[in-house]
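*Asks:* Predicted model, plus sequence, below.
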Amino acid sequence: MFNNKKIVVIIPAYNTARTVAKEFHLIPRDIVDDIVFMDNASTDETLRIAESLEIPHIIRQPYNTGYGGNAKAGFKKALELGADIVVIVHSDYQYTPHLIPAMVSIIANRVYPMVIGSRMLGKGTLNGGMPLYKFIFNRFLTISQNLLMNERLSEYHTGYRAFSRELLLSINWEENSNDWVFDAEEIAQVFWQGYEIGEVTCPTKYFDEASSNPFWGSLRYGLGCMRVAFLYRFCKWGLMKSPIFNKGNLNRYNKSVEMLRAAG
């Protein structure tokens, strides 16, 4: 608990057998109440290692649902467990769990309803091993997205994020893509509903064991991000409509929590 808030960490994973234990052991259990691990049909030893760590909740996907599909499963489970704050931490050891207390504190004290760990604040991005083409893509996409959505984030493409329960219940993330562009749609939804996003400086590590999108995958992701940014702008102008910008189901997961509490 932190400020009487239930903290749930969700960990999406796919073929991260060499890093998942390192990431898990750094999670600050003094403030984190529950952990949900979502294995996306890994073909290596990821699931076996997660089971050996005795993680409280393990979701075993029967097939690879894509990053977005796996994240959705984690968010659903966290909300059903009654999370007041949900933190998503990838299992590839690129993001340090040591920032969880800082991110949670910002939300618990109602400074921001969402916080991201930004790799672009400070100068450590390239020193941490981010490939130059990824750095250039990140800068170009972030500038373009800021212009189209009239925002000022330092980056849109970090997977290290924390959310208040109220925010997650008010955006329609279940309608998002099952691909990597899920993250871009999620941020667009947060801004659409009028929320602000806080940022903390996050060091990054790129190494052989860490997962990384290849060049053509990065290009496809970048085009998807631009599509979302243009969709946001056209919807703001009233030229288009999209279900991802509808409000979320505010009562669905609250009812699940009430049932769990009633059961014991």
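*Replies:* Done, it's in.

*Asks:* Secondary structure element holding R233?
*Replies:* Element membership of R233, judged by DSSP states H and E, is helix 215-236.

*Asks:* What are the contacting residues of that helix?
*Replies:* The contact list for helix 215-236 (C-beta atoms under 8 Å, 6 or more residues apart in numbering) reads 133-134, 137, 140-141, 144-145, 148-149, 156-157, 177, 179-181, 184-185, 188, 191-192, 213, 240-242, 245. Just so you know, the C-beta spots here come from the backbone N, C-alpha and C atoms, and that holds for glycine as well.

*Asks:* go on, stretch 61-75?
*Replies:* Contacts with stretch 61-75, where a contact means C-beta under 8 Å, 6+ apart, come from 10-12, 14, 36, 38-41, 59, 86, 88, 168, 173-174, 176-183.

*Asks:* Buried ones among those?
*Replies:* Buried members of the contacts of stretch 61-75, scored by 16 or more other C-beta atoms under 10 Å, are 10-12, 14, 36, 38-40, 59, 86, 88, 168, 173, 176-177, 179-183.

*Asks:* which intervals of this structure have sub-threshold pLDDT?
*Replies:* Scanning the chain with the threshold set as pLDDT under 70 gives 207-214, 250-251, 255-264.

*Asks:* please redo it, this time with the cut-off set to 80
*Replies:* Within the chain, the ranges that satisfy pLDDT under 80 run 122-129, 205-217, 249-264.

*Asks:* just the helices in it please.
*Replies:* Along the chain, the stretches classed as helices by DSSP state H are 20-25, 46-52, 66-80, 100-108, 124-127, 132-149, 165-170, 182-192, 215-236, 252-263.
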